[in-house]
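Asker: Fold the stuff below for me.
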Amino acid sequence: QLPFKIADLRAKLSQLWNMIQDWKVIPLGRGYFQFSFQNNDDLKGILVIGHWSLNVGVLRCFIWKPNFNPRLQRIIVVQVWVQILDPPLEY
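Answerer: The predicted structure is shown next:
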C-alpha cells in the first residue's frame, strides 16, 4: 500500500484519538510528522500508548528532540510480516 496522504492520516488518527479534541500534524518528510496538542494531558495520553497500527505500518510517537532533522535519521525499525506455511497442529 502507498503511504497515507496527510488528510488520510489526520482522518485515521481522528478516529483513533477520538478522546483528543484539538491537535495538529505537520509532515516533516521521510515519514516523520510533528504533532502538537492543546494540553499536556493529551500529549501524555498519546505517549503512554506510544504506537498505533495503521494499514500502511506503525505510527510510533516520541518526544521532540532539539535540532531534529528527518534527513539525518537512520531508520532502524522495520515492520515485517511473516507467513508460516503448514505449521504443526500444536500451533
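
Asker: what about stretch 51-66, average pLDDT?
Answerer: What stretch 51-66 shows for mean pLDDT is 87.

Asker: for stretch 19-34, same thing?
Answerer: Averaged over stretch 19-34, pLDDT sits at 91.

Asker: measure the residue nearest the centre of the chain to Ile84 for me?
Answerer: In the chain, the centroid-proximal residue (Cα atoms, centre = their mean) is Leu59; its distance is 1.5 Å. Leu59 sits at a distance of 26 Å from Ile84 (criterion: Cβ to Cβ, to the nearest Å). Heads up, the C-betas are built off the backbone N, CA and C, glycines and all.

Asker: on that earlier part again, who's in contact with the closest residue to the residue nearest to the centre of the chain other than its chain neighbours?
Answerer: Among residues not flanking Leu59 along the chain, Trp52 sits closest, at 4.7 Å (Cβ to Cβ, 6 or more residues apart in numbering). Going by Cβ atoms under 8 Å, 6 or more residues apart in numbering, Trp52 touches 13, 16, 58-59.

Asker: can you confirm Asp8 is in a helix?
Answerer: Yes - remark: Asp8 belongs to a helix, assigned using DSSP: H, G, I helix; E, B strand; the rest coil.

Asker: could you point out which element follows the helix or strand harbouring Ser14?
Answerer: Here Ser14 sits within helix 6-16, counting by DSSP states H and E. Remark: after helix 6-16, the chain's next helix or strand is strand 23-29, criterion DSSP H and E.

Asker: Direction included, what does the helix or strand that that following strand is followed by pair up with?
Answerer: The helix or strand immediately downstream of strand 23-29 is strand 32-37, counting by DSSP H and E. Sheet pairing for strand 32-37, assigned by DSSP bridges, gives strand 23-29 (antiparallel).

Asker: Would you list the strands that the helix or strand where Trp52 lies pairs with, along with their directions?
Answerer: Per DSSP H and E: Trp52 is located in strand 51-54. Strands that pair with strand 51-54, judged by DSSP bridges, come out as strand 57-60 (antiparallel).
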